[in-house]
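A.B. asks: Let me see the structure of the following:
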Amino acid sequence: MARTLLFLSADSFHASIWQGGKLGAPQYFANNSNGREDFSNFLKDHRDPAYLLVDVIEEDFRLEVVPHLSGSARKSLLERKFEQFYRGTQFHQATLLQRQAEGRRDDEMLFSALTNPQRISPWLDALQANHIPLIGIYSLPNISAPLIKAIHSDHVLLLSWEKDAGLRQTYFNAKRLHFSRLIPINSNSSFNESVVNETPRTQQYLKSLSLPPPGEILDVYIICDANDRLVLQGRLEDDSELRYTYLDIHDLGKRFKAKNDYTDSDATPLLLHLLASKPPASHYANSEHTHFHWLWRLRRILFGTAAAITLVSLLLSGTEFMQSRDYIAQTEPLNMQTAHVKQQTQEIQRTFANTTVPAADMKTAVLLARKLNQYAASPADILRPLTLTLDKFTQIKVDKLAWQSSAADAAPSAYPAQVITFDGSLVDFGSEYRKAINYLDSFQQALTAQGYTVSVLKQPLDVSSKGSISGDAQKNDGSPAQFTLKIIWRQKE
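C.D. replies: A predicted model of the protein is given here:
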C-alpha cells in the first residue's frame, strides 16, 4: 500500500510517495502561503496515510532517573516532567531506556522534544484540514536504531548526511538512543569536511558526560558511498579512543529491501524508506494529530469485517444451493412414484362399476354393517381372557364349557351378551374345605378383573343356612368336587 512520506528540515519541506519499497521523486514546497496552498492541492490527490520525518536543530534530549511507577501515578509524573522541561511545545515524548538493577530500581528515561513547534504547525494544519490520516511525527534520531542493530558495540556514534538538513550525529549506548546533534552544512563546507571537523568536537562533548566510560572505545559509524569513503579513509585515523567504520549506503539499501539507487551519500531516501518499512512505536504526535489515522484504520477494519461476512455468506449460500440440488435430486424419484400411484388409482377408479345408489345410502349400509359385526363377536374375543385366567389356576379342571347369546343379560351394553356356562372341578384339596372355597373365590375375582360378570350356579359345598354340609372338597372315592359358574361377557362400546 502506498504511503506519503514528508520530510521537514530547517530550510525545506518535501513530500514523496513510497510504494512497494521504492521512494518516488521528492516534491518541494516553499515555507510560505503559496507553498502551503500547493501542498494542500498535493494532498487532494494523495489521500494515503502519511509519515512526517523531522530533522531540525531544535530537538532536545534529557536523561533523567525517575521512580519506577505505573498507571495514573506514572502518567502524572511524566506530565510534570514535560511541564518542567518542555512547557512551550506539545511535541514531546518519554522513552524508557532501562530499569536500574540495584537500589530502588528506578527508571532511566530519555525525555525529548521538538522545541520549535511553529516550524511544524503550518504543515500539520494543512494535513488536518485535508483529513489526511497522519500515522506519526518522527525525528531522524528516533528511526536510526535499526541501522546499528547488527553492530556489536555498546558505544556507537552514527553519522549520516541529509543534504536538506546537514550532518546528523547520534550516540547510542547499548543500542539505546542517548544523544543526537545536527550540524548544518553550508556552501563553504562539505560532508567530508564536516565529518572531519565535527567528530572530535562531539567526542569531547561525550567525554564531558563520561560517555563512553574511560578506557572504552567510541565506535564511529559513517553512512556514505564508495567515493566519500575513499576521501574519509585518507583523512581519518583510528586511535585509542576512536575507531571509524564505514557503512556503505548501497549495502544498507539492499539489507532493508529498498529499491532506490543511491548516487551519493545523501541518506534521506534510505531513512525515509526505513521509516515506512520499520516505523518505531513512539513518536511526537498526540491523539489530535493522529485522529484521522484512527478513523482510517477503523474504516478499514469495518470494510474487512464486511468483506469477511460477505465471503462467509457466499460460502453458506453456495453450500445451501448445492444441498438444495441434492434435495431436488432425492425428491424426483418420490415425485415419479407419486405420479405412478396416482395413475394406478385413476385406472382402478375407472374399473369401478357404475351404480345409481346414492352416497348417503352407501354410508348408511356401511354403518349398519359395522353395527352388525358387533352382534357376532368371535370366540377368540370371548374366551381368550378366560383361558389366560385358567392358566394361572391349575387346580381348576374344566369339565364342560358352553355359551349362548342373551339379550336379557346385555345391559348396560347395547349389544347381546354372551353367557358362558362353566362346569369345573377342584382337584388336589383333600379335606381342606376352606382352602378350596377360597381358591374358587380367587378364581371368580380374577375373571371379574378380566371384564366378566361371574355368578355361582352350583357350589362344590352347600354352605347356605338352609343346607347341611354333606359333601367334601374331594369325595371319599377320590373324584374332584364339582361346581358351575355363570360367566357373562359383554361387548365393549
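A.B. asks: Flag the shaky bits of the stretch 351-493 of the chain, pLDDT-wise.
C.D. replies: Scanning the stretch 351-493 of the chain with the threshold set as pLDDT under 70 gives 353-356, 372-376, 462-479, 493.
A.B. asks: What of the chain?
C.D. replies: Looking at the chain by pLDDT under 70, you get 353-356, 372-376, 462-479, 493.
A.B. asks: what about the helices in it?
C.D. replies: Along the chain, the segments classed as helices by DSSP state H run 33-45, 71-85, 121-129, 191-208, 226-235, 249-255, 268-277, 291-351, 359-375, 379-392, 433-449.
A.B. asks: Buried residues, the fifth one. List them.
C.D. replies: Pointing back at helix 226-235 there. D228, R229, V231, L232 (16 or more other Cβ atoms under 10 Å). C-betas here are computed from N, CA, C, even on glycine.
A.B. asks: so how far is that helix from its chain's centroid?
C.D. replies: 58 Å (Cα atoms, centre = their mean, to the nearest Å).
A.B. asks: do the shortest one as well
C.D. replies: On the basis of Cα atoms, centre = their mean, the separation between the geometric centre of helix 249-255 and that of its chain is 42 Å.
A.B. asks: ditto for the third one
C.D. replies: Centroid displacement of helix 121-129 relative to its chain, using Cα atoms, centre = their mean, is 39 Å.
A.B. asks: Return the alpha-carbon coordinates of stretch 154-174 using CSV.
C.D. replies: Taking C-alpha atoms only, stretch 154-174 is exported to CSV below (Å, rounded to 0.1, in the frame of the first residue of the first chain):
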residue,chain,number,x,y,z
ASP,A,154,28.0,-0.6,23.3
HIS,A,155,29.2,2.9,22.3
VAL,A,156,28.2,3.9,18.8
LEU,A,157,28.3,7.4,17.2
LEU,A,158,26.3,7.1,14.0
LEU,A,159,26.9,9.8,11.3
SER,A,160,24.6,10.4,8.4
TRP,A,161,24.3,13.2,5.9
GLU,A,162,20.9,14.6,4.8
LYS,A,163,21.5,17.2,2.0
ASP,A,164,18.5,19.3,3.0
ALA,A,165,19.4,19.3,6.7
GLY,A,166,23.1,18.6,7.4
LEU,A,167,25.3,16.2,9.3
ARG,A,168,23.4,14.2,11.9
GLN,A,169,25.5,12.7,14.8
THR,A,170,23.6,10.3,17.1
TYR,A,171,25.0,8.5,20.1
PHE,A,172,23.7,5.1,21.1
ASN,A,173,24.7,3.4,24.4
ALA,A,174,23.9,-0.3,24.4
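A.B. asks: about what we covered before: columns distance to S139 on top of the helices of the chain, output as a markdown table?
C.D. replies: As requested, the helices of the chain are exported to a markdown table (distance: least, Cβ to Cβ, whole Å):
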| stretch | distance to S139 |
| --- | --- |
| helix 33-45 | 20 |
| helix 71-85 | 16 |
| helix 121-129 | 15 |
| helix 191-208 | 18 |
| helix 226-235 | 24 |
| helix 249-255 | 19 |
| helix 268-277 | 10 |
| helix 291-351 | 18 |
| helix 359-375 | 103 |
| helix 379-392 | 105 |
| helix 433-449 | 105 |
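A.B. asks: any idea which of those is most buried?
C.D. replies: helix 268-277 (a mean of 23; mean count of other Cβ atoms under 10 Å).
A.B. asks: neighbouring contacts of that one?
C.D. replies: Applying Cβ atoms under 8 Å, 6 or more residues apart in numbering, the contact partners of helix 268-277 are 3, 5, 7, 16, 18, 21, 23, 51, 53, 138, 140, 143-144, 146-147, 160, 162-165, 223, 249, 252-253, 256-258, 260, 262.
A.B. asks: got it, and stretch 65-85?
C.D. replies: Contacts to stretch 65-85, defined as Cβ under 8 Å, 6+ apart, come from residues 60, 62, 64, 92, 94, 99-100, 104-109, 111, 113.
A.B. asks: returning to what we had before: buried subset of the contacts of helix 268-277?
C.D. replies: Using 16+ other Cβ under 10 Å as the burial test, these include 3, 5, 7, 16, 18, 23, 51, 53, 138, 140, 143-144, 147, 160, 162, 164-165, 223, 249, 252-253, 258, 262 as buried.
A.B. asks: Sort out for me which of those residues are in strands.
C.D. replies: Within those, residues falling in strands by DSSP state E are R3, L5, F7, S16, W18, L23, Y51, L53, Y138, S160, E162, I223.
A.B. asks: quick one, what contacts the first one?
C.D. replies: Read that as R3. Counting by Cβ under 8 Å, 6+ apart, the residues that R3 touches are I17, W18, Q19, D48, P49, A50, Y51, A276.
A.B. asks: From P49, how far off is the third one?
C.D. replies: It stands for Q19. Separation of Q19 from P49 (Cβ to Cβ, to the nearest Å) stands at 12 Å.
A.B. asks: domain parsing for this protein?
C.D. replies: Per the record, the chain has its domains at 3-58+116-289, 376-489, by automatic domain parsing.
A.B. asks: Identify the farthest-apart pair in the buried residues of helix 226-235.
C.D. replies: R229 and V231 (7.3 Å; Cβ to Cβ).
A.B. asks: Quick check: Q98 touching K175?
C.D. replies: No: using Cβ atoms under 8 Å, Q98 is not in contact with K175, being 10.6 Å away.
A.B. asks: Give me the nearest residue to I249, chain neighbours excluded.
C.D. replies: Spatial nearest neighbour of I249, chain neighbours left out: Y262 (4.8 Å); criterion: Cβ to Cβ, 6 or more residues apart in numbering.
A.B. asks: any idea how far that neighbour lies from P146?
C.D. replies: 17 Å.
A.B. asks: Then Q482?
C.D. replies: From Q482 to P146 the distance is 120 Å (Cβ to Cβ).
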